[in-house]
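Enquirer: need a 3D model of the following:
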Amino acid sequence: MIEKVNPSHPDKIADRIAGAIVDLAYRLCESPKVAVEVLIGHGVCHVIVETTERLYQEPIEKIIHRIAGNVKADIVIVSQDKHLSDNQKGKVRCGDNGIFKGMPLTDEQIAMSKIAREIYDKYPFDGKYILDETRLIICQSNADTKILKQEYPYAEVNPLGDWTGGTDVDTGATNRKLGSDMADSVTGGGLHGKDLSKADVSVNIYAYLKAQETGEEVKLCCAIGDREIDGKPYEEIVRLAKDYIDSVGGFEKFAEWGLF
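Expert: Presented below is the predicted three-dimensional model:
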């Protein structure tokens, strides 16, 4: 059983804004330390940025308006805590505590990801989709329900009829759709709005990739300051995660669909 939400779902809009701000930080510095939280809805986008880099209001406003349209931007930018920054001096070390789980994707999860992308290509608006052994549920905004039902006659389509979604209808927040992003790998940490020193990003990606490669469950834990995880230098974990982020087009693109 799996639910996917598409890149125009309010929660994913929040993730994409956060990811774009992290991309901005990486354009300014090879190894920035940044954490972004976004809450958006009903004409307002609230953003809090903790950063070691000099980020400014205007570029962040442009990101918000490019992704979310004409909304009011409420932006707070603060320096990252000195103790957190000092943890990374001299050598790349784990930036947070955490437990992590990587799980091989099931055929059902892969199929749901494919169906979600297929629908979104035709209807690039807020939508969410569920697939289990017996049901495919499609809730797609700004689509003619009758036409969509003809395209997917075996599915339950918009059970309450046509609807309009987006941030004028529903609020969105960063890392609120981790089940959609991570399937059975969800633990405690969030994927989006953080640099790669944060284990929530780098170790989650590493555990996911290892699970797909081995076909087995991967369980890991770490403490802030760790220099080694799973027998590998933390610097190597970060490099592998960066290669993956680069391969999908950056943090904003990664935020669109998550890990699968």
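Enquirer: now do stretch 59-70, average pLDDT.
Expert: Across stretch 59-70, the average pLDDT comes to 98.
Enquirer: tell me if Asn70 really is in a helix.
Expert: No: using DSSP: H, G, I helix; E, B strand; the rest coil, the assignment for Asn70 is coil, not a helix.
Enquirer: now do it against Asp168, distance only.
Expert: Going from Asn70 to Asp168 by C-beta to C-beta, to the nearest Å gives 11 Å. Placement of C-beta: from N, CA and C, glycine included.
Enquirer: more neighbours: which of these two?
Expert: Each of Asn70 and Asp168 has its neighbours counted (other C-beta atoms under 10 Å); Asp168 has more, 13 against 7.
Enquirer: how about that one, phi and psi?
Expert: Asp168 has phi and psi values of phi -80, psi -10 when expressed as degrees, to the nearest 10.
Enquirer: list the residues that contact the residue lying closest to it once chain neighbours are set aside.
Expert: Distance criterion C-beta to C-beta, 6 or more residues apart in numbering; nearest residue to Asp168, sequence neighbours excluded, is His42 at 6.3 Å. Listed by C-beta atoms under 8 Å, 6 or more residues apart in numbering, the contact partners of His42 are Thr167, Asp168, Thr171.
Enquirer: dump the residue contacts of the second one.
Expert: Okay, so that is Asp168. Asp168 touches Gly41, His42, Gly43, counting by C-beta under 8 Å, 6+ apart.
Enquirer: any chance of these in CSV, plus secondary structure and distance to Thr134?
Expert: Below are the contacts of Asp168 laid out as CSV (DSSP: H, G, I helix; E, B strand; the rest coil; distance: C-beta to C-beta, whole Å):
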residue, secondary structure, distance to Thr134
Gly41, strand, 34
His42, coil, 36
Gly43, coil, 40
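Enquirer: return the member of the residues you listed nearest to Lys62.
Expert: Among those, Gly43 lies closest to Lys62 (C-beta to C-beta), at 17.6 Å.
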